[in-house]
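[1] structure of the sequence below:
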Amino acid sequence: MGLNHHRPSQFMYASGPGSILETTGGPVIVKGPEFLFEKVERWSTIVNNQSRNLSITDFEISERRLSGHLGGARLVRLPSNEELGKVGRDAIYPTLGRIPSWSICENHEILYKGWSGGRYNVCWKCRNEFKEKDEKMSFNEIKRIAADHAVRFVSGCHMGHLGDVPWKELVCEDGCDSNWMWWSGGGRKIGSIWIKCNKCSGKKNLGSLWSSEHACSGWHWHTHKEEQCTASAHMLQRGSAGLWIPEISSSLDISGLPASVFKALTDTSLISALKMVRDEDGVSKEGFLRALNACSLPDSAKESLRNRSSDEQKWGILHSAIEREIFGNDISEDLKVEEFMALVNASENGSPPPPVFPDDSRESLLRVNSTHNYDIDIGRGRRIRVVPIERLRVVSALIGFRREVSSERPGEIVSLSFNNGGEWYPSMENFGEGFFVHLVGGGSPIADDNSRTEIWNRRSVDDMNSHPVHIWWHTLSHRLIDLMGLDSGFSSASIRERTYFSNSDTPRGGILLYTSQPGGDGTMGGLVGIAKDKDTMSDIVERALREARVCSNDPICEEAVNTNEGAACYACCMVSETSCEHRNKLIDRLILVG
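    Numbers count the residues shown, from 1 in each chain. All right, here's what the predicted structure looks like:
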């Protein structure tokens, strides 16, 4: 197969298991992560000058809230080549070649099997031309031609199955044993292309095949398993965005723990030792010290924890963290509501909350200095609070994917959990910075006379994400991402959003904008630096609200309010889909007016 360098973020958001990846050797299927870790556990590494086998637990990510939300499943990140002792050009992630297996020779207008029986093939006319020149085609030449000729079309159904378009079944007559067809025509319209069998009288128009349904193959190629499927399949372009849509579940770390303490509390030897000394009253200080002596943490980490336990205030914080992070079962049903309340509390008291120890504050995984928070007046007695967050940690799990093949049937989620001594999900951990915004005093930020409120209220009966308060905050988020990119020099694609909405007592919401990747824009303090500048942020917020009144695509954009979507387009509100939690849906710039 071909070689492609792949970042974890690409695996999570663009081309994960079940997707078609374009490589130098042609299109391949990305296999499930279970196949990677089966390989990994056969490899070894050097630790403290001793060789040992690698384990999936070497790459585990600890995030109690997200794991609890996923039914206790564990989270694992993708290892890098360096961590596996492999050079950069070694292919470590398993793929399956090749879908599509059919190819088109444009020189000779022939549709043929470019991949069959585990080997590459070229069209018979190309092979004959080489023979006439008394030349023998090398393997690399055959592979290059077959890869370049790969047909653009695949077959998929809304249940997540994927396969080759069944060209023979669709074009040929029953009993025909032909293994290639003529592909003729072309131009601007797909209906000008005709496919004709070279043996039987079968002939079909590509346009009619495109618009019709056919039987599904039932194949999940990423797990190499076949299922009985009664759903209808559709022809799709292999590069279509709807062919692989990730389903991501993420969690903001709101523990406020120092990074060194958090790392120690995820150590398996310490966890095992603490379980041995815990009684019905919890872990005592004496029991903690015994567990600390028995575990295999580095001496420097043990000494730091001993010093922490000798201070009564620090021991109280540490004891609470042990009970919550290791033994706690109080998992909120709604991760975001819990995060929202923690961020609102941080806007008033900072994070970590008092008592604040300087060393702990510098190391905190959610670092907020309350002296940097401020309010901005947005008119009509409404004030929003801006909360710069100097450090944060977000863990995202790829729980599955969907295939949107038809507007009539929404795609079903195909789970990407796998078993390896327990249930696991492929995940990613990011550290960054950002800022949180919410309305002071809670409640609705929408002007009383805004006509869009009633429309979104009706839609929210079936979907609470369509509540007008959530729409207001989500739209403001997009406007801020856009303006931060224009005014600060940030790439808007490097900023991600996290929208919050609670309707427990009175509707209220907020937004978290944060850097979405480590390195580059994500680590130099640029985003939080802008958030600390009240004058700059006041100007950005004022422009976000004022410029929502008009769009360069009006009246077309404005007339979108008559559809199921709001008034939004790429000229005013839409952003990169890697930045948006809701795939550029649930936005309406007119709800900001007033």
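
[2] strands of the stretch 451-594 of the chain, residue ranges please.
    Remark: strands assigned in the stretch 451-594 of the chain by DSSP state E, counting those that start in this stretch are 495-502, 508-515.

[3] so which of these gets nearest residue 153?
    strand 495-502 (33.3 Å; CB to CB). No exception for glycine: its C-beta is placed from N, CA and C like everyone else's.

[4] just how off-centre is that closest one within its chain?
    Centroid separation for strand 495-502 versus its chain: 15 Å, with CA atoms, centre = their mean, to the nearest Å.

[5] who are the packing partners of it?
    Contact here means 3 or more CB pairs under 8 Å, 6 or more residues apart in numbering; DSSP states H and E; on that basis strand 495-502 packs against helix 335-349, helix 468-488, strand 508-515.

[6] one step back: for the strands of the stretch 451-594 of the chain, give me JSON lines that also has distance to residue 466 and mean neighbour count.
    Listed next are those as JSON lines, based on distance: least, CB to CB, whole Å; neighbours: other CB atoms under 10 Å:
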{"stretch": "strand 495-502", "distance to residue 466": "10", "mean neighbour count": "23"}
{"stretch": "strand 508-515", "distance to residue 466": "13", "mean neighbour count": "24"}
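
[7] what's the closest of those strands to residue 120?
    It is, among these and with distance given as CB to CB, strand 495-502, at 40.5 Å.

[8] okay, the angle between that closest one and helix 468-488?
    Taking axes from the mean of the first three to the mean of the last three CA atoms, to 10 degrees, strand 495-502 and helix 468-488 form an angle of 160 degrees between their directions.

[9] sheet partners, orientation included, of strand 495-502?
    Here strand 495-502 has these sheet partners by DSSP bridges: strand 508-515 (antiparallel).

[10] if we can go back for a sec, pick out the shakiest of the helices and strands packed on strand 495-502, pLDDT-wise.
    Ranked by mean pLDDT, those bottom out at helix 468-488, which scores a mean of 90.

[11] buried residues in it?
    Neighbour-count burial for helix 468-488, counted by 16 or more other CB atoms under 10 Å, picks out 468-485, 488.

[12] how big is the angle separating the helix or strand hosting residue 391 from strand 495-502?
    Assigned by DSSP states H and E, residue 391 belongs to strand 382-402. Here strand 382-402 runs at an angle of 110 degrees relative to strand 495-502 (the same axes, to 10 degrees).

[13] contacts for the helix or strand following strand 382-402, please.
    Proceeding N to C from strand 382-402, the next assigned helix or strand is strand 414-415, under DSSP H and E. Strand 414-415 is contacted by residues 18, 159-160, 220, 399-403 when judged by CB atoms under 8 Å, 6 or more residues apart in numbering.

[14] quick check: the farthest pair among the residues you listed?
    Pairwise over the contacts of strand 414-415, using CB to CB, the maximum falls at 159 and 399, 16.7 Å.

[15] distance to residue 170 added to the strands of the stretch 451-594 of the chain, as JSON lines?
    Output for the strands of the stretch 451-594 of the chain, formatted as JSON lines (distance: least, CB to CB, whole Å):
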{"stretch": "strand 495-502", "distance to residue 170": "42"}
{"stretch": "strand 508-515", "distance to residue 170": "48"}
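
[16] for residue 300, which of these is the nearest?
    Closest approach to residue 300 among the strands of the stretch 451-594 of the chain (CB to CB): strand 508-515, 30.1 Å.

[17] format the helices and strands packed on strand 495-502 as CSV; extra columns: distance to residue 584.
    Listed next are those as CSV, based on distance: least, CB to CB, whole Å:
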stretch, distance to residue 584
helix 335-349, 19
helix 468-488, 8
strand 508-515, 15
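
[18] OK, contacts around residue 231?
    So residue 231 contacts 157-159, 161, 216, 409 (CB under 8 Å, 6+ apart).

[19] swap in residue 254?
    65, 338-339, 342-343, 366.

[20] cool, residue 78 as well?
    8, 11, 33, 36, 59, 93, 426, 428.

[21] count of residues packed around the first one?
    Under the neighbour criterion other CB atoms under 10 Å, residue 8 is assigned a count of 20.

[22] give me the below-cutoff pLDDT ranges for the stretch 1-150 of the chain.
    Flagging of the stretch 1-150 of the chain using pLDDT under 70 yields the residue ranges 1-4, 46-50.

[23] can you give me the helices for it?
    8-13, 33-40, 64-69, 124-132, 139-148 (DSSP state H, counting those that start in this stretch).

[24] between those helices, which gets nearest to residue 580?
    Residue 580 lies closest, by CB to CB, to one member of the helices of the stretch 1-150 of the chain: helix 8-13, at 11.3 Å.

[25] can you list the buried residues in the closest one?
    Quick answer for helix 8-13 (16+ other CB under 10 Å): 8, 11-13.

[26] can you give me the offset of it from its chain's centre?
    For helix 8-13, the distance to the chain centre is 6 Å (CA atoms, centre = their mean).

[27] how about that helix as PDB, C-alpha atoms only?
    Extracted C-alpha coordinates of helix 8-13, given in PDB (Å, rounded to 0.1, in the frame of the first residue of the first chain):
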ATOM      1  CA  PRO A   8      -4.100  12.100  15.400                       C
ATOM      2  CA  SER A   9      -6.400  15.000  14.700                       C
ATOM      3  CA  GLN A  10      -6.800  13.800  11.100                       C
ATOM      4  CA  PHE A  11      -7.600  10.300  12.400                       C
ATOM      5  CA  MET A  12     -10.300  11.800  14.700                       C
ATOM      6  CA  TYR A  13     -11.900  14.300  12.500                       C
END
